[in-house]
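Novice: next come a sequence and a model predicted from it.
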Amino acid sequence: MHHSKDEGLKKVIGVRSLAANAVNMTIGAGIFALPAVVAFYLGAASFLAYLVCVVLIALVLMCFVEAGSKIHVTGGVYAYIEAAFGPYAGFLGSILFWFGYCIMADAAIANVIVNNLSTFFPSLQQPAVRTLFLAIVFGGIALLNVRGVKQGNTLVEIVTVGKLLPLVVLIVVGVFFIDIGNYEVTSWPSAHKLGEVSLILFFAFGGVEAAFSASGEIKEPKRTIPRGIFLGVFTIFVFYILIQFVAQGVLGESLAAQKEAPLVLVASTILGDFGKVMIVLGVAISGFGVISGDILNSSRLPYAAARDGLLPKFLSVIHPRYATPYVAILFYAGLGFIVSVSGGFRELAIIASSSLLMIYVGVILATIKLRKVKPAENSFVIPGGITIPILALLATGWFLSNLAINEIIGGLIFLMIASVIYFLMKASKK
C-alpha cells in the first residue's frame with residue numbers, strides 16, 4: 001500500500017465536518033439503553049464511568065490523530081495497522097472491526113429497538129415474534145441495499161435530527177423535574193466494578209474512529225484531524241453525561257430497574273404519552289439509520305477481502321442488474337440477524353466493546369511503530385514522546401482485564417480462526 005499516495009479524492013472535510021461526522025457515527029441507539037445499565041452497577045456514582053471512558057478515548061484518539069495525520073489514504077484503522085505491521089495484522093484488524101465490532105454493535109442496537117418498541121407492542125417480548133421482527137429488520141435493510149438504495153445526504157440529516165432532537169428535548173425539559181436528592185452517593189464503587197461497567201459503557205463511545213475512514217478526503221490533516229476529533233468527542237461526552245444526569249435526577253434509584261427502555265420512562269414521566277412516543281420514535285429512527293448505514297458500508301469489507309483472495313471468492317460476486325456486492329450484503333446482514341437473536345444488549349455490547357479495544361491496541365502499537373518507519377514530515381506528533389501511547393496502552397489493557405475468562409477465551413479462539421482463514425486463503429491464492 002502506498003500510504004502517501006494521492007487517491008484522486010477531493011480534500012473537502014474540514015474541522016466542523018469531521019466533528020459532525022464523529023458525533024453522527026457515535027451517538028446512536030445504545031445511549032437510549034445505557035443509563036439504566038450504568039445505574040444498575042454504580043447508582044448515583046455513574047458519572048465516574050463516563051469520566052473514565054472519556055479519558056481513555058482521549059488517550060487513544062491522540063494515537064489515532066498522529067497515525068491519521070501520517071497515513072493519508074482511505075481506510076482508517078486497517079490502513080494504520082497494515083502500514084505498520086503488514087497485511088496479516090491488517091486482515092485481523094479488518095475482521096475484528098466488521099465482525100467483532102460492527103455486527104455485534106448492529107445486533108445490540110437491534111435489541112434496543114425491539115425493547116423500546118415492546119412498550120407499545122408487548123407481543124415483541126415473545127421469542128417467536130421478536131425473531132420475526134429482527135428477521136424483517138435485517139432482511140428488509142439488506143434487500144434495499146442489494147437494490148442499490150443508498151443513504152443520501154438528506155436522509156442522513158433527517159436521521160441525525162431524528163435521533164438528537166428527542167435527546168435535546170429530554171435534557172432541556174428534564175432539568176425542571178430533577179430531584180437533587182437522587183444524586184446522593186451512598187457507596188463508592190470498587191476499581192473492578194468501575195472497570196466492568198466502563199467496558200459496557202465504552203460501547204456508546206464506539207464510532208468516533210469511523211470518522212478516520214475518510215482519511216483520504218480530509219484537508220490539512222495536521223490541523224483538521226486533532227481539532228475536529230476532539231471537538232466531536234467533547235460534544236459526545238457532554239450529551240452523554242447530561243442524559244445520565246437527567247435520567248438519574250428524574251428516576252433516582254428506580255432507574256437501575258428500567259433495563260429495557262429507561263429513557264422511555266424518563267420521557268413519559270416528564271412529558272406524558274407524548275414523551276413516550278417521542279423517545280420510541282427516536283430510538284427506532286436512530287437504530288434503523290445506524291444499522292442501514294452499517295450494512296451499506298461495512299458489508300463492503302468482507303467483499304473487498306474476498307476480492308483480494310483473503311475470504312472465499314463467492315463473497316465478491318456482483319449482482320448482474322444492480323451492480324452491488326449482493327452476496328456480501330446478504331452474508332453480513334444474515335450474521336447480524338443470527339447474532340441479534342442469540343444475545344441481549346448487555347452481552348453484545350461487551351463483545352463489541354472488547355473487539356474495539358483490541359483494535360485500539362493495534363492502532364496504539366501502530367502509532368509507536370510508525371514513528372520509526374514513517375517520520376513526522378509535517379504531521380501531528382503527540383507531545384511527551386511515547387508517554388501518551390504507553391498510558392493509552394495501559395488503559396486499554398485495564399479495560400480488557402475486566403473481561404470474564406470465557407470472554408477472553410472466546411476472543412482468542414476468534415483470532416485463531418481468523419488467522420487460519422488468512423493463511424489458508426493466502427496458500428490457495430498462491
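Specialist: Received the coordinates, thanks. Numbers count the residues shown, from 1 in each chain.
Novice: contact partners of stretch 96-110?
Specialist: Applying Cβ atoms under 8 Å, 6 or more residues apart in numbering, the set of residues contacting stretch 96-110 from outside is 28-30, 77-78, 134, 137-138, 203, 206, 287, 290-291, 294-295, 298, 301-302, 332, 335-336, 339-340, 342-343, 345, 348-349, 351-352, 354-356, 358-359, 411, 414-415, 418. (C-beta placed from N, C-alpha, C; glycine too.)
Novice: I'd like to know which helix or strand in the protein has the lowest mean pLDDT.
Specialist: Across the helices and strands of the chain, mean pLDDT, DSSP states H and E gives its lowest value to helix 15-26, namely a mean of 74.
Novice: off-centre distance for that helix?
Specialist: Distance of helix 15-26 from the chain centroid (Cα atoms, centre = their mean, to the nearest Å) equals 13 Å.
Novice: and what of stretch 276-286?
Specialist: Between the mean C-alpha point of stretch 276-286 and the mean C-alpha point of its chain there is a distance of 20 Å (Cα atoms, centre = their mean).
Novice: what of stretch 130-142?
Specialist: Relative to the mean C-alpha coordinate of its chain, stretch 130-142 is positioned 21 Å out (Cα atoms, centre = their mean).
Novice: average pLDDT across it?
Specialist: Stretch 130-142 shows a mean pLDDT of 91.
Novice: buried set for that stretch?
Specialist: 130, 133-134, 137-138, 141-142 (16 or more other Cβ atoms under 10 Å).
Novice: any chance of these in JSON lines with distance to W188 as columns?
Specialist: Output for the buried residues of stretch 130-142, formatted as JSON lines (distance: Cβ to Cβ, whole Å):
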{"residue": "R130", "distance to W188": "38"}
{"residue": "F133", "distance to W188": "41"}
{"residue": "L134", "distance to W188": "39"}
{"residue": "V137", "distance to W188": "40"}
{"residue": "F138", "distance to W188": "42"}
{"residue": "I141", "distance to W188": "43"}
{"residue": "A142", "distance to W188": "46"}
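Novice: just for the stretch 1-150 of the chain, where's the confidence low?
Specialist: The stretch 1-150 of the chain contains residues with pLDDT under 70 at 1-13, 29, 72-76, 148-150.
Novice: repeat that for 80
Specialist: Under the criterion of pLDDT under 80, the regions of the stretch 1-150 of the chain flagged as low confidence span 1-30, 32-33, 68-79, 145, 147-150.
Novice: and the strands in the stretch 101-250 of the chain, which stretches?
Specialist: Per DSSP state E, counting those that start in this stretch, the stretch 101-250 of the chain has no strands. Nothing in it meets that criterion.
Novice: quick one, helices of it?
Specialist: For the stretch 101-250 of the chain, helices defined by DSSP state H, counting those that start in this stretch occupy the ranges 104-117, 127-146, 153-174, 191-205, 221-251.
Novice: look up how far F47 lies from F40.
Specialist: In this structure, F40 and F47 are 15 Å apart, going by Cβ to Cβ, to the nearest Å.
Novice: with I329 instead?
Specialist: Distance, I329 to F47, by Cβ to Cβ: 41 Å.
Novice: could you check stretch 56-64 and say which residues are buried?
Specialist: Of the residues in stretch 56-64, those buried by neighbour count under the rule 16+ other Cβ under 10 Å are 56-64.
Novice: can you list which of those are found in helices?
Specialist: Among the buried residues of stretch 56-64, the residues falling in helices (DSSP state H) are 56-64.
Novice: out of those residues, which is nearest to F239?
Specialist: Distance to F239, by Cβ to Cβ, is smallest for I57 among those, at 13.6 Å.
Novice: OK, contacts around the nearest residue to that closest one once chain neighbours are set aside?
Specialist: If the residues on either side of it in the chain are set aside, I57 comes closest to F205, at 5.3 Å by Cβ to Cβ, 6 or more residues apart in numbering. Contacts here follow Cβ under 8 Å, 6+ apart; on that basis F205 touches 26, 53-54, 57, 236, 240.
Novice: save these as JSON lines, and put in distance to V112 too.
Specialist: Formatted as JSON lines, the entries for the contacts of F205 read as follows, by distance: Cβ to Cβ, whole Å:
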{"residue": "T26", "distance to V112": "15"}
{"residue": "C53", "distance to V112": "19"}
{"residue": "V54", "distance to V112": "22"}
{"residue": "I57", "distance to V112": "21"}
{"residue": "I236", "distance to V112": "18"}
{"residue": "Y240", "distance to V112": "15"}
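Novice: which one of those is nearest Y322?
Specialist: Comparing those against Y322 with Cβ to Cβ places T26 closest, at 30.7 Å.
Novice: that closest one: neighbouring residues, count only.
Specialist: Other residues within reach of T26 by the criterion other Cβ atoms under 10 Å amount to 24.
Novice: identify the residue spatially nearest to it, adjacent ones excluded.
Specialist: By the measure of Cβ to Cβ, 6+ apart, the closest residue to T26 outside its immediate chain neighbours is G207, 3.6 Å from it.
Novice: repeat for A142
Specialist: A333 (3.5 Å).
Novice: where's V146 relative to G334, distance?
Specialist: Counting by Cβ to Cβ, the gap from V146 to G334 is 12 Å.
Novice: typo on my end, it should be T269
Specialist: As judged by Cβ to Cβ, T269 and G334 stand 39 Å apart.
Novice: sorry, back to before: of the contacts of F205, which is the nearest to L370?
Specialist: Checking those against L370 by Cβ to Cβ gives I57 as the nearest, at 20.5 Å.
Novice: my guess is the closest one meets V208, correct?
Specialist: Yes - with the criterion set as Cβ atoms under 8 Å, I57 and V208 qualify as a contacting pair; they are 6.7 Å apart.
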